[in-house]
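Colleague: this one's structure only:
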């Protein structure tokens, strides 16, 4: 009975981001003693806004995945696709109980740390539940492989690592994002170090204000590129058609079937563009509701805390910068695949839609704010290159996930967890494990 209740809470509530954050909004508004109309408005718009955001993100992934899959098939090798959702599904078939327990214990430790920690910059409550589940599974898999830990020891060590990550890393985007997004929220994702890469690369170019992607004055008809929806509506069909030409019309017809292959690619590209437009609408509605609601928790429960949220909350602050980061990430993902094939690597990593879009856009926002469009474009390229190459090095450490053809994505797995795991592997004999 207890197990069923825990499974219901985790997989029917906490794993459902709209419901989970709707409950957070409800709780925050109740402790502020808002009237019933304000509570209803805040909760509904939080849930609906997040659902709209999810619909847009889903349209993006579903439109780009088959196109990237075609490109990957041309390489004619078996490899691994960094895709969080797929890796999560494979791993949960075998280690669900331990992963869930790691998530629960880690989240409790995280909340205690945020409450006790005296530094305001670290008072960030990580609320992106699905990313927390992904990290919990990642740590259980990798620490079992690297350190040979099992049972309750593995669960406790994984929980502590996860709690430390959730508690301290949101301070990075909070510090970096203050100058353009304020201090009402921060990032709660596996892209914390991606924001740092974007900012550092951006600083190499300097003069962010002069080269701001969102303020570039384009002549004549090119002014349409100031609008991210119009820009993507032009750029994405060209990109998709180029990929279609590379893989050949016959391969595209396996997906388009009776529909003309060029028309099918154009419609996939337009679907991508529509997904971005929908997602941005959802982000605005969600932020306008969750931030005022969370103030109740910040004032009454965990003083001075703010919410750490999913990466799309930053996209409206530089929609053109996000687009530049995405465009910069695409050639980097393809380049890594070609390098690994040329080097006859035992692990071939295919370009990941998650890394290309969600990492690329997030890095692009910070790259643009610190170095203009060049910072966004180069930041997206460098981040994508590191994330894809890091996946090749991480994959053999994934235990039962190794050989499945899927892997966890996002930049922080490569920048933070890869060196930590190899250091732990190196010192394992010293630890006597």
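Modeller: That came through fine. Here the structure is a predicted model, which means the values were calculated and not measured.
Colleague: for the stretch 301-433 of the chain, what are the low-confidence residue spans?
Modeller: 433 (pLDDT under 70).
Colleague: would you list every one of the helices in it?
Modeller: Taking DSSP state H, counting those that start in this stretch as the criterion, the stretch 301-433 of the chain carries its helices at 319-342, 353, 360-394, 411-412, 418-431.
Colleague: Looking at these, which one is packed in the most?
Modeller: Mean neighbour count (mean count of other Cβ atoms under 10 Å) peaks for helix 360-394 among the helices of the stretch 301-433 of the chain, with a mean of 29. For glycine as for every other residue, the C-beta is placed from the backbone atoms N, C-alpha and C.
Colleague: could you say what helices and strands it packs with?
Modeller: Helix 360-394 makes packing contacts with strand 81-82, helix 171-181, helix 192-205, helix 319-342, helix 411-412, helix 418-431 when contacts are defined by 3 or more Cβ pairs under 8 Å, 6 or more residues apart in numbering; DSSP states H and E.
Colleague: Quick check: which of those is nearest to residue 278?
Modeller: Closest to residue 278 of these is helix 319-342 (Cβ to Cβ; 13.3 Å).
Colleague: now the closest one against helix 171-181, angle please.
Modeller: Using axes from the mean of the first three to the mean of the last three Cα atoms, to 10 degrees, the inter-axis angle of helix 319-342 relative to helix 171-181 is 140 degrees.
Colleague: what's the angle between helix 319-342 and helix 360-394?
Modeller: 20 degrees.
Colleague: would TSV of the helices and strands packed on helix 360-394 with distance to residue 372 be doable?
Modeller: Below are these laid out as TSV (distance: least, Cβ to Cβ, whole Å):
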stretch	distance to residue 372
strand 81-82	29
helix 171-181	13
helix 192-205	6
helix 319-342	8
helix 411-412	21
helix 418-431	30
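Colleague: between those, which gets nearest to residue 375?
Modeller: Closest among the helices and strands packed on helix 360-394, using Cβ to Cβ: helix 192-205, at 2.9 Å.
Colleague: buried residues in the closest one?
Modeller: Buried residues in helix 192-205, counted by 16 or more other Cβ atoms under 10 Å: 192-202, 205.
Colleague: and the gap between the closest residue to residue 399 other than its chain neighbours and residue 424?
Modeller: Spatially, and ignoring its direct neighbours in sequence, residue 399 is nearest to residue 145 (4.0 Å; Cβ to Cβ, 6 or more residues apart in numbering). For residue 145, the distance to residue 424 (Cβ to Cβ, to the nearest Å) stands at 10 Å.
Colleague: one step back: closest one to residue 137 among the helices of the stretch 301-433 of the chain?
Modeller: helix 360-394 (13.4 Å).
Colleague: now the closest one against helix 418-431, angle please.
Modeller: With the same axes, to 10 degrees defining the directions, helix 360-394 sits at 30 degrees from helix 418-431.
Colleague: show me where pLDDT drops low in the stretch 101-250 of the chain?
Modeller: If you take pLDDT under 70 as the line, the stretch 101-250 of the chain has these spans: 217-228, 231.
Colleague: which residues of it fall in helices?
Modeller: 129-147, 151-168, 171-181, 192-205, 228-247, 249-256.
Colleague: want to try a markdown table for these, with distance to residue 271 as columns?
Modeller: Below are the helices of the stretch 101-250 of the chain laid out as a markdown table (distance: least, Cβ to Cβ, whole Å):
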| stretch | distance to residue 271 |
| --- | --- |
| helix 129-147 | 23 |
| helix 151-168 | 34 |
| helix 171-181 | 29 |
| helix 192-205 | 26 |
| helix 228-247 | 9 |
| helix 249-256 | 13 |
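Colleague: between these, which gets nearest to residue 272?
Modeller: helix 228-247 (5.2 Å).
Colleague: Please identify the buried residues of that closest one?
Modeller: 228, 231-233, 235-237, 239-241, 243-244, 247.
Colleague: can you tell me how far residue 312 sits from residue 234?
Modeller: Distance from residue 312 to residue 234, by Cβ to Cβ: 22 Å.
Colleague: Just to check, the residue nearest to residue 399 is in contact with residue 397?
Modeller: Yes. Using Cβ atoms under 8 Å, residue 145 is in contact with residue 397, at 5.3 Å.
Colleague: now, which of the buried residues of helix 228-247 sits nearest residue 282?
Modeller: For the buried residues of helix 228-247, the nearest to residue 282 is residue 228 (14.9 Å; Cβ to Cβ).
Colleague: In contact with residue 162, which residues?
Modeller: 102-103, 106, 110, 132, 135-136, 139 (Cβ atoms under 8 Å, 6 or more residues apart in numbering).
Colleague: Please read the previous query as pertaining to residue 317.
Modeller: Taking Cβ under 8 Å, 6+ apart as the criterion, residue 317 is in contact with 177, 180-181, 365, 369.
Colleague: of all those residues, which comes closest to residue 47?
Modeller: For those, the nearest to residue 47 is residue 181 (22.8 Å; Cβ to Cβ).
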